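1. Need the 3D shape of this:
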Amino acid sequence: MPDFIGPRRRPPVPRPPQTPHRPQGPCPAGSDRPANCKLSPALRSRIRQAKIDGLGYKAIARRFNLTRSTVQSTLQRDATHVSGISKPREGRPQVMIQREKDLIYHEIYNNPDRTMQSLYTEFGIHVSRTTFD
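-> Below is the predicted model of the structure:
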């Protein structure tokens, strides 16, 4: 019986290299296209034209080497694109405009002992501390 101390260890499993979460700019078509990657306006145009020509989602997906759901969502979002250009992705709405922020920054810079309550009383803008981060 061999001298065995401790549990046996498995060899490490090789992992694929990590890709960035959201690449910038248009991405190539095909199965190697990363998730959350925008299609180029030219490819979206070709998908739109194929649908106008009478092809179905599956046929278009095979032609451009995309998934059927990518083709379907591309065509459904097509109404929100203006002349082939994507609308900017929406984030959290701004609480106040840049001019108001600049005004409050200036006031805090000149009088650093001001409280948030006194700023609210003077300017009528209710903001949290994180608004300025």
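2. who are the neighbours of the worst-scoring helix or strand of the chain on mean pLDDT, in terms of helices and strands?
-> Least confident helix or strand of the chain, by mean pLDDT, DSSP states H and E, is helix 116-123 with a mean of 80. Judged by 3 or more C-beta pairs under 8 Å, 6 or more residues apart in numbering; DSSP states H and E, helix 116-123 is in contact with helix 98-110. The way it works is simple: take the backbone N, C-alpha and C, and place the C-beta from them, glycine included.
3. circling back: list the buried residues for the least confident helix or strand of the chain?
-> Leu119 (16 or more other C-beta atoms under 10 Å).
4. Could you shift the numbering so residue one becomes 53, and keep it that way?
-> Got it, first residue is 53 now, which makes that one helix 168-175.
5. Helix 150-162 and that one, what's the angle between them?
-> Orientation check (axes from the mean of the first three to the mean of the last three C-alpha atoms, to 10 degrees): helix 168-175 against helix 150-162 gives 130 degrees.
6. what's the burial count for Ile160?
-> With neighbours defined by other C-beta atoms under 10 Å, the count for Ile160 comes to 14.
7. separation between it and Arg166?
-> Note on Ile160: its distance to Arg166, by C-beta to C-beta, to the nearest Å, is 6 Å.
8. do Gln101 as well
-> Distance, Gln101 to Arg166, using C-beta to C-beta: 60 Å.
9. Give me the residue ranges of this structure where confidence is low.
-> Residue ranges of the chain with pLDDT under 70: 53-88, 131-141, 179, 181-185.
10. switch to 80 and redo it
-> 53-90, 130-149, 168, 171-172, 175-185 (pLDDT under 80).
11. ranges for the helices of this protein?
-> 93-104, 109-116, 120-129, 150-162, 168-175 (DSSP state H).
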